[in-house]
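J.: Structure for this input, please:
(one chain, ligands or ions: 2)
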Amino acid sequence: MSAETPFFIPRLSIIGLGLIGCSWAKGLRVRGCVGEVLGYDRNLDSMQEALNSGIIDRISSDLAAAVAGADLVIISVPILAVRQVLQEIAPHLAAHAVITDVGSVKGSVADDVAAVFGADFPRFVLGHPIAGSERSGVSAADENLYVRHKVIITPQPHTDKTALRLVRRAWRAVEADVESMDVVHHDEVLAATSHLPHLMAYSLVDTLANTHENKEIFNYAAGGFRDFTRIAASSPVMWRDIFSANKTQILKTLDLFTHDLHFLRAAIEADDTTTVMGVLTRAKVARDHFSKILARRAYVEPMKTASVTYIASPSGALTGTFRVPGDKSISHRSIMLGSLAEGTTEVTGFLEGEDSLATLQAFRDMGVVIEGPHRGRVTIHGVGLHGLQPPPGPLYLGNSGTSMRLLAGLMAGQTFDVEMSGDASLSKRPMGRVADPLKRMGAVVDTADGGRPPIKVHGAGKLTGIHYDLPMASAQVKSCVLLAGLYAEGETSVTEPAPTRDHTERMLKGFGYDVQVNGNTVTLRSGGKLTATNIDVPADISSAAFFMVGASIAEGSDITLEHVGMNPTRDGIINILRAMGGNIEVLNPREVGGEPVADIRIRSARLKGIHIPEDQVPLAIDEFPALFIAAACAEGETILTGAEELRVKESDRIQVMIDGLTTLGVQAEGTADGAIIQGLGHSGLLGGGEVISHGDHRIAMSFAMASLRASSAITILDCANVATSFPGFVDLANNAGLELDVLTTKA
Ligand SMILES: O=C(O)C1=C[C@@H](OP(=O)(O)O)[C@@H](O)[C@H](O)C1
Ligand SMILES: C=C(OP(=O)(O)O)C(=O)O
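T.: Residues are numbered from 1 along each chain as shown. Ligands and ions are numbered 1, 2, ... in the order given. As a prediction, this is how the structure comes out:
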């Protein structure tokens, strides 16, 4: 790509000397991008003011003089005055002149241009800066008004490319972010995001001003009133014109809004607090994350995440007693089953990480009223097995494989179509493993090339129960088939090659559903119902694992992790660390809501390398990145086999860990289904250096723990996804004894 030449407009003309046009001209002038600036306004005072403040160089006596010889003409008059202005300037424009406008409605200006210059006029570029304020006039002009603000250009098929480039560059010169959209779409979007809110603000103030207690009302009208109605102080002429120029689109959104307002009114009248809560919780979440919103209620687009780097400096021991966040697997399932239950489910200890929040949002998008999360507490107003509604757009599941695979099973049983997509990592992960058994049950499921997301599950198909022999040890696939089985005719059963986490089976039973477990086979029949219950989510043993490894490798460490889930299908990390010589005590074992829980005390130990028993692999499947760090610090060789599943997690966890360990000076090699790691021994230190987590939360946290035994700092790139499973990791780790610094750059 060649660099752009410096941008310069020899002669600029602004018609309409208000805030928008003057701010653009002033911005160009301050940045040395214009020669002469001519200006015209019907109001003589405005012209004089613009001249006095140096925004324009010459006052023009009429429109003809104002555009004579201009290279770029900016029309910035009220929308309904545009046509008349164009008629007046048309005969006087230079042959090369490019014209642009700044109006909030593009369809009506496009019509005006066609009426005056002809349908294919190439040198008019329709534009709209999304900046401005309730202030107006020359005196409010601000050369930085557009810095990092969006400007929407709405090119038409006949718009000349050079003219387009000129206008884009003129906006970029004042540091605006220029985007393109088609005319109709622009007017639809603006009707909803700008025109309707202005209409409502004007109307509310007018209603209140007309009541006879208006003085009283305005005396006490602070807070909500002031925030909501700030925009009613904007220019009435401008808004009168916008309301009429974008009439069709505005009326469309207004009707939708009026309908929803009546719905809310009816719910309040009927004391239907659940419905009211549904509207308010959905709206609050939407408002909190409004940049994610494209459709009316759903999140369909990922937020651009910032890039996060950890600098992990060498540190001493880990100490203290603390609790890591809630179990991710159980949190996902609590939302799913709570939503499909009859009655209200209260969840405590819910993981407020991005993965489980993606599941929560998916159910909100399908009409379930969910309150919270607030300090791990979530209240789910179940809609029953057949109560989900079609979401307004695709379900966006971020980084979360569990959400996508379990939901695939549930969606196969619905009467509507659902599309599910995810971030770059999830988009590479295999979904054929769930699509295959679902198709055998009669579901219609499409995936993208190679069985990857997005995945589309078509509703209304009739499912039939199957027996499925799992080709791999995967709790996600097992759960997917069982959840589809809730909707399949007859019996559904799954046999797994080795035990995997059984939270789905346990939780179904907790919700009163009949599930038979016989050896490695789980069976259920459709036709039952889920009855709401309360769920206490224990701390996630997979998050605890980082601290177990950290405390084991850092001399002098002594920590106690509280309320950790000890489900026997998850405790591989404890068995493996103990086999390596780890010093782990399980204290106060108890059962909470159908799941075993305990406090775990870990003290540093002289670890030794082992061949990890293959039967432990599925029981510690998420803990291998951390275990690789333990192996690197152990005496002798550690061999891992039977773990090919690690290659299809959020990253290829075998390759990414081997790459990082090699950077830190460890001899390690990957094999097809595992790794061989030569430990540095008890007194050995890892080196420092830069490792890449490839957006994989568990890789990032594992290398953070490695710094406890490093000779110099480890820089870990791409750590934003730690938030998917372990919000608050950095603070908790630093309080326990790590030295982690975080560098965040905006995306
Ligand atoms: O069912 C679950 O909650 C999970 C199952 C495992 O995935 P697989 O089923 O792909 O092994 C695990 O890696 C994941 O973190 C959570
Ligand atoms: C594999 C993991 O999660 P998921 O499959 O849900 O993305 C994990 O958390 O390590």
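
J.: rest of the way, CA atoms for contacts and neighbours
T.: Noted.

J.: which residue packs closest to S315, ignoring adjacent ones?
T.: L708 (5.2 Å; CA to CA, 6 or more residues apart in numbering).

J.: Can you report how many residues lie near that neighbour?
T.: 27 (other CA atoms under 10 Å).

J.: Over to Q667?
T.: Applying other CA under 10 Å, I find that Q667 has 16 neighbouring residues.

J.: The stretch 151-300 of the chain: helices as residue ranges?
T.: Taking DSSP state H, counting those that start in this stretch, the helices of the stretch 151-300 of the chain run over residues 161-172, 183-190, 196-210, 214-219, 223-229, 236-245, 247-269, 273-288.

J.: In contact with the residue nearest to S315: list those residues for me.
T.: S313, P314, S315, G316, A317, G550, I553, A554, L738 (CA atoms under 8 Å, 6 or more residues apart in numbering).

J.: contacting residues around the last one?
T.: Under the criterion of CA under 8 Å, 6+ apart, the contact list for L738 reads A312, S313, P314, S315, G316, A317, L318, M705, S707, L708.

J.: residues from the protein in reach of ligand 1?
T.: S329, T402, S474, A475, Q476, V477, I621, D622 (CA under 6 Å from any ligand atom).

J.: Let me know the pLDDT of the fourth one.
T.: By that I understand A475. On pLDDT, A475 comes in at 98.

J.: near ligand 2 at all, stretch 420-433?
T.: No. If you take CA under 6 Å from any ligand atom as the test, stretch 420-433 misses ligand 2, and the best it gets is 7.2 Å.

J.: For that stretch, buried residues please.
T.: For stretch 420-433, the neighbour count (16 or more other CA atoms under 10 Å) marks 420-423, 425-433 as buried.

J.: got the end-to-end distance for it?
T.: 15 Å (CA to CA, to the nearest Å).

J.: Which residues does that stretch contact?
T.: Residues from elsewhere that reach stretch 420-433 (CA under 8 Å, 6+ apart): 302, 394-401, 404-405, 447, 450-456, 477, 648-651, 695.

J.: Next step: the residues you listed restricted to strands.
T.: Applying DSSP state E to these, the entries found in strands are L395, Y396, T447, R452, P453, P454, I455, K456.

J.: Which of those residues ranks first by neighbour count?
T.: That'd be L395 among those, by other CA under 10 Å, with 26 neighbours.

J.: Could you verify my assumption that that one touches V418?
T.: Yes. Applying CA atoms under 8 Å as the test, L395 and V418 come out as touching, 7.4 Å apart.

J.: list residues touching both of those two?
T.: Shared contacts of L395 and V418 (CA under 8 Å, 6+ apart): none.

J.: rewinding a little: which ones among the residues of the chain next to ligand 1 also lie next to ligand 2?
T.: Among these, ligand 2 is touched by T402, D622 when using CA under 6 Å from any ligand atom.

J.: now, which of the residues of the chain next to ligand 1 lie within helices?
T.: Assigned to helices by DSSP state H, the following of these qualify: S329, T402, A475, Q476, V477.

J.: State the distance from the last one to L483.
T.: Going back to what we said before, that points to V477. 10 Å.

J.: shared neighbours of these two, anything?
T.: L406.

J.: circling back: which of the residues of the chain next to ligand 1 sit farthest apart?
T.: By the measure CA to CA, V477 and D622 form the most distant pair in these, at 15.7 Å.

J.: Tell me which of these two has more neighbours.
T.: V477 (26 against 22).

J.: what's the closest non-adjacent residue to the more buried one?
T.: V434 (5.7 Å).

J.: cool, Q48 as well?
T.: I59 (7.4 Å).

J.: What degree of burial does the one you found show, as a neighbour count?
T.: 18.

J.: Hmm, E49 and it touching each other?
T.: No. With contact defined as CA under 8 Å, I59 does not count as touching E49 (10.2 Å).

J.: and the residue nearest to S315, backbone torsions?
T.: phi -60, psi -20 (degrees, to the nearest 10).

J.: Tell me if M336 really is in a helix.
T.: Yes. Counting by DSSP: H, G, I helix; E, B strand; the rest coil, M336 is part of a helix.

J.: switch to numbering from 5
T.: Sure, I'll start numbering at 5, so the last one becomes M340.

J.: Report how many residues lie close to it.
T.: M340: 22 neighbours (other CA under 10 Å).

J.: Tell me which residues touch it, please.
T.: Going by CA under 8 Å, 6+ apart, M340 touches T363, F367.

J.: Quick check: pLDDT value at it.
T.: Confidence at M340, expressed as pLDDT, is 98.

J.: just the one 10 residues further on next, same as before
T.: As predicted, E350 sits at a pLDDT of 97.

J.: Low-confidence ranges, the stretch 55-204 of the chain, go.
T.: Applying pLDDT under 70 to the stretch 55-204 of the chain flags residues 136-139.

J.: one more time with 90
T.: 65, 134-144, 152-154, 181, 183-185, 197 (pLDDT under 90).

J.: What distance do you get for I59 to ligand 1?
T.: In this view, I59 and ligand 1 are 60 Å apart by CA to the nearest ligand atom, to the nearest Å.

J.: wouldn't that residue be in contact with G31 here?
T.: No. In this structure, I59 is not within contact of G31 by CA under 8 Å, at 9.2 Å.

J.: The buried residues of stretch 424-437 into CSV, with extra columns for secondary structure and pLDDT?
T.: As requested, the buried residues of stretch 424-437 are arranged in CSV below (DSSP: H, G, I helix; E, B strand; the rest coil; pLDDT from 0 to 100):
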residue, secondary structure, pLDDT
M424, strand, 97
S425, strand, 95
G426, coil, 94
D427, coil, 93
S429, coil, 95
L430, helix, 96
S431, helix, 96
K432, helix, 96
R433, coil, 97
P434, coil, 97
M435, coil, 98
G436, helix, 98
R437, helix, 98
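
J.: Pick out the most distant pair among those.
T.: Among the buried residues of stretch 424-437, D427 and R437 lie farthest apart (CA to CA), at 18.9 Å.

J.: and the residue lying closest to I384 once chain neighbours are set aside, which of the three is it?
T.: Once flanking residues are discounted, I384 sits nearest to I374: 4.6 Å by CA to CA, 6+ apart. Following three-state DSSP, the label given to I374 is strand.

J.: For I374, give its distance to ligand 1.
T.: Counting by CA to the nearest ligand atom, the separation of I374 from ligand 1 is 21 Å.

J.: Now do the contacts for that residue.
T.: Counting by CA under 8 Å, 6+ apart, I374 has contacts G282, T285, L364, R368, V382, T383, I384, H385.

J.: any idea of the pLDDT on the fifth one?
T.: Here, the pLDDT recorded for V382 equals 96.

J.: now what about the strand or helix carrying it, what contacts it?
T.: Using DSSP states H and E, V382 falls within strand 381-387. Residues from elsewhere that reach strand 381-387 (CA under 8 Å, 6+ apart): 278, 339, 342-354, 372-377, 536.

J.: Any of the residues you listed buried? List them.
T.: The neighbour count (16+ other CA under 10 Å) marks 339, 342-354, 372-377, 536 as buried among these.

J.: re earlier: counting neighbours, which of the ones in helices among the residues of the chain next to ligand 1 comes out on top?
T.: That'd be V481 among those, by other CA under 10 Å, with 26 neighbours.
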